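>>> Whatever this is, show me its structure:
(one chain, ligands or ions: 1)
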Amino acid sequence: MNIQVPKGTKDTLPNQIYKWQYVEGVIKNICKKFNIKEIRTPVFEYTELFCRGVGDGTDIVQKEMYTFTDKGNRSITLRPEGTAGIVRSFIENNLEQELLPQKLYYILPMYRYENIQKGRYREFTQFGVEILGSKDVLADYQSIDIVNKLFKELELNDIELQINSIGCPECRTKYIDKLKEYLNERYDSLCTTCRTRYTSNTLRIFDCKESKCKSIIADAPKITDNLCDECNKDFEKLKEILTFNNIEYVVNPILVRGLDYYTKTVFEFVSNNIGSQGTICGGGRYDKLIETCGGKDTPAVGFAMGMDRLILEIDQQKIDIIELSNVDLYIGNFDNSTDKIISKLADGLRNRGYIIETNLMGRAVKAQMKYADKINAKYSCIIGQDEMLKGKVNIRNMQDATNNEVDIDIFEIAKILERGI
Ligand code: HAM
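Numbers count the residues shown, from 1 in each chain. You can find the predicted model right below:
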């Protein structure tokens, strides 16, 4: 039987994982500077959370969830996104009683049953940040600032920040009535999906890729012209602070995002380098979600970034993440007779922080030297009976082939690893 990885999933092998580890390190460092704490929530939740949180009418809930009934007859869903689970945890663990805002980040796998293509998988990883408890636009700005800083530190260019405001429930309801009035006159020209969306989720018409719908949308009234005073003031403030901090953006009046929980600010970072799935990051404010999920009326804002797409972008922009040569010393043997001393020496050097590799394959000396070369060991040595009798071993610099004979002694060998031959 030839078992393969399930469709839409992938292995991340050691020859790729160092990039992930590097990026995760940069992310963790940035989160630290913003005083954002890590949170880990379960891979699966009760299905109802996503129906209520993400929204019954969304593509995620309608088509993409991995849902099953467990042995206790409960409906369980593998998380398709991180926000709903964090909101559930915020409420359940009474984080709303603690100092606000709660600033939380996660790097976790998500699951969506999607049509797969480059940059779109069924198992993918998101780095997300959620700022719970602040209604200030400064929190919206901070979310964007974090992503911007990450791209800068990774030396990524050409990723466009698009922003929009989809208003609060009050001004959005009025706007949707106006939009429906406009669309009603053109209803017969809309595609079948848009006709369904007309009643179920009118704003999602903006996501249609059909050219006839696109031209209708282009002339539709814009939500940013129909915001209430407060939403308008907030959106203007966000634009001002972005400009003041030299963060470039474009206002995309048809950016609405595919999840139901958003209010006011929404944003995406979009790249043209990685194909049709170019949205590397998406987020926005969700002031009503905590209340919808049974908590107190608490404003919040956040984003999630597709790590898989971020790595694709890093590869596409040819950002060189160097895999450091890790192994400090390869300690080889002639036969098994020196195994005990080698294991003791390796242990002592590892305790001092060095990365040590030994002969686990019973290779002959020549093959061991080739192996030490292939694993980029900085130094190598072979300890056999002769070396044991003399009490000395020859340490070889694998780069320039210089040698130095030292006592078989952890301290003496460590000196060479530290200072060179
Ligand atoms: P989202 O737009 O559904 O938002 O996903 C965020 C990001 O996850 C996308 O921009 C994309 O980079 C990545 N992503 C989504 N689906 C896939 C997939 N099938 N394969 C690979 N990458 C994918 C959310 O999930 C919200 N929870 C974001 C948020 C947090 N809003 C506020 N807080």
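
>>> Now do the strands in the stretch 1-150 of the chain.
Assigned by DSSP state E, counting those that start in this stretch, the strands in the stretch 1-150 of the chain fall at 37-38, 44-46, 67-69, 75-78, 102-111, 123-132.

>>> Let me know which of the ones you listed is tucked in deepest.
The highest mean neighbour count among those, using mean count of other Cβ atoms under 10 Å, belongs to strand 123-132: a mean of 23. C-betas here are computed from N, CA, C, even on glycine.

>>> Next one: K415 relative to Q399, how far apart?
18 Å (Cβ to Cβ, to the nearest Å).

>>> Work out the gap between whichever strand or helix holds I290 and the centre of the chain.
If you go by DSSP states H and E, I290 is part of helix 289-292. How far helix 289-292 lies from its chain's middle: 24 Å, per Cα atoms, centre = their mean, to the nearest Å.

>>> again, but for stretch 130-150
Distance of stretch 130-150 from its chain centroid, counting by Cα atoms, centre = their mean, is 16 Å.

>>> In that stretch, which residues are buried?
130-135, 137, 139-150 (16 or more other Cβ atoms under 10 Å).

>>> what does stretch 109-123 give?
Using 16+ other Cβ under 10 Å as the test for burial, stretch 109-123 gives M110, Y111, R112, Y113, E114, G119, R120, Y121, R122, E123.

>>> What about the ligand: which of the buried residues of stretch 130-150 touch it?
Counting by Cβ under 6 Å from any ligand atom, E130 from the buried residues of stretch 130-150 sit close to the ligand.

>>> So which of the buried residues of stretch 130-150 are in helices?
If you go by DSSP state H, the buried residues of stretch 130-150 have 137, 139-150 in helices.

>>> What's the local residue count around the residue nearest to E45 when sequence neighbours are not counted?
In space, and not counting its chain neighbours, E45 is closest to G85: 5.5 Å by Cβ to Cβ, 6 or more residues apart in numbering. Using other Cβ atoms under 10 Å, G85 has 24 neighbouring residues.

>>> likewise the one 5 residues further on?
Taking other Cβ under 10 Å as the criterion, the count of residues near F90 is 24.

>>> thinking again about what came up before, residues making contact with the helix or strand following the helix holding I290?
Going down the chain from helix 289-292, the next helix or strand is strand 300-306, by DSSP H and E. Strand 300-306 is contacted by residues 81-83, 87, 119, 124-134, 139-140, 143-144, 146-147, 150, 265, 267, 269, 279-287, 289-290 when judged by Cβ atoms under 8 Å, 6 or more residues apart in numbering.

>>> Adjacent strands (with direction) for strand 300-306?
Taking DSSP bridges as the criterion, strand 300-306 sits next to strand 123-132 (antiparallel), strand 279-285 (antiparallel) in its sheet.

>>> after it comes which helix or strand?
Following strand 300-306 toward the C-terminus (DSSP H and E): helix 307-316.

>>> State the mean pLDDT of that following helix.
In this model, helix 307-316 has an average pLDDT of 97.

>>> now the helices: where do they sit in the stretch 301-421 of the chain?
307-316, 339-351, 365-374, 385-390, 410-419 (DSSP state H, counting those that start in this stretch).

>>> The stretch 101-250 of the chain too?
Counting by DSSP H, counting those that start in this stretch, one finds helices in the stretch 101-250 of the chain at the ranges 137-153, 169-184, 192-200, 211-218, 229-244.

>>> Check the gap between whatever residue of the chain ends up closest to the ligand and S337 for me.
Per Cβ to the nearest ligand atom, G306 is where the chain lies closest to the ligand, at 2.4 Å. Distance of G306 to S337, computed by Cβ to Cβ: 54 Å.
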